[in-house]
Every structure is written in structure tokens, then in C-alpha cells.
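[1] From the sequence below, what's the structure:
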Amino acid sequence: MPGQFQNVPIIVSLYQFYSSFHDELIRFPKSERYSLGASCQTELLDILKQCLQAASSNNPKQKAISLHKASASLDVLRLLLSLCKDCGCISNPTYQQLDSKLSEIGRMLGGWLKSLSSSP
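    Numbering: from 1, shown residues only. Have a look, this model is predicted:
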């Protein structure tokens with residue numbers, strides 16, 4: 001993982017999640033790879049982008065806006081991941097593993113938002 005964001009835990013976790021998801025995406029049925037799989041990929045990259053913007057911003061309001069957008073995209077990604085399981089694109093054990101990682105990322109995101117709201 002490159003440079004300055006190595007010390008931001010949520011970005012490291014998102015980077016690792018993307019790597020794990022990408023390994024699964026190449027196994028998706030072709031009919032779902034470029035629709036459902038691409039939608040998951042887009043949401044995941046949006047979460048990563050919003051967290052990168054928040055990490056590099058010095059403005060607390062801008063950080064909060066980026067993190068709220070990331071949180072909304074995380075909710076969408078959770079739903080899409082559930083669809084992947086229900087459509088047979090990923091196995092139940094793989095879904096549980098990915099969902100567990102997403103829950104961890106969600107807790108990190110919630111903690112970051114909470115720390116912003118308690119800041120003076």
C-alpha cells in the first residue's frame with residue numbers, strides 16, 4: 001500500500017477488503033461480473049475515495065460530509081454483497097467472511113464520525 005495513508009487504519013482495512021473482494025470478483029459468473037460485481041466494486045471504491053478525502057482534509061465539516069457519504073455507500077455495499085450471496089455469485093462462507101470485514105470497517109467509520117462530533 002502506498003505512502004501517506006498507511007497509518008490510517010480504515011484505509012488499510014478498505015485496501016485489504018478490496019483485494020479480497022477482487023479475488024472473488026474474478027470468479028463471478030460472467031452474467032453478474034459486469035453488473036452486480038461492478039456495482040459492488042464502484043461502491044467500494046467510492047467508500048475508499050470518501051475516506052481518503054476525509055483523511056486528507058483539515059476541515060472537520062468536510063471530513064464529516066465525506067464520512068457520511070462513505071457510510072451511505074457502505075450500507076449500499078452491504079445490500080449488494082447480500083445480493084451476491086443470494087444470486088450465487090459468492091458462497092455463504094465467503095459472504096460471512098466479507099460481511100465480517102465490512103462490519104469492522106463500519107465500526108471504524110462510526111468511531112471516526114463519533115470522534116468528530118465530540119471534538120470542540
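[2] ok, the residue nearest to the spatial centre of the chain to Pro60 distance?
    Centroid check for the chain by Cα atoms, centre = their mean gives Leu44 as the closest residue, at 4.4 Å. Distance of Leu44 to Pro60, computed by Cβ to Cβ, to the nearest Å: 25 Å. For every residue, glycine as well, the C-beta is placed using N, CA and C.
[3] how far out from the middle of the chain is stretch 58-77?
    11 Å (Cα atoms, centre = their mean, to the nearest Å).
[4] who touches the lowest-mean-pLDDT helix or strand in the chain?
    Across the helices and strands of the chain, mean confidence by mean pLDDT, DSSP states H and E is lowest for helix 30-33: a mean of 93. Helix 30-33 is contacted from outside by Leu25, Ile26, Cys84, Cys87, Cys89, using Cβ atoms under 8 Å, 6 or more residues apart in numbering.
[5] List buried members of those by neighbour count.
    Leu25, Cys84, Cys89 (16 or more other Cβ atoms under 10 Å).
[6] Pipe those residues into TSV and attach distance to Gly111 per row.
    Listed next are those as TSV, based on distance: Cβ to Cβ, whole Å:
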residue	distance to Gly111
Leu25	28
Cys84	27
Cys89	31
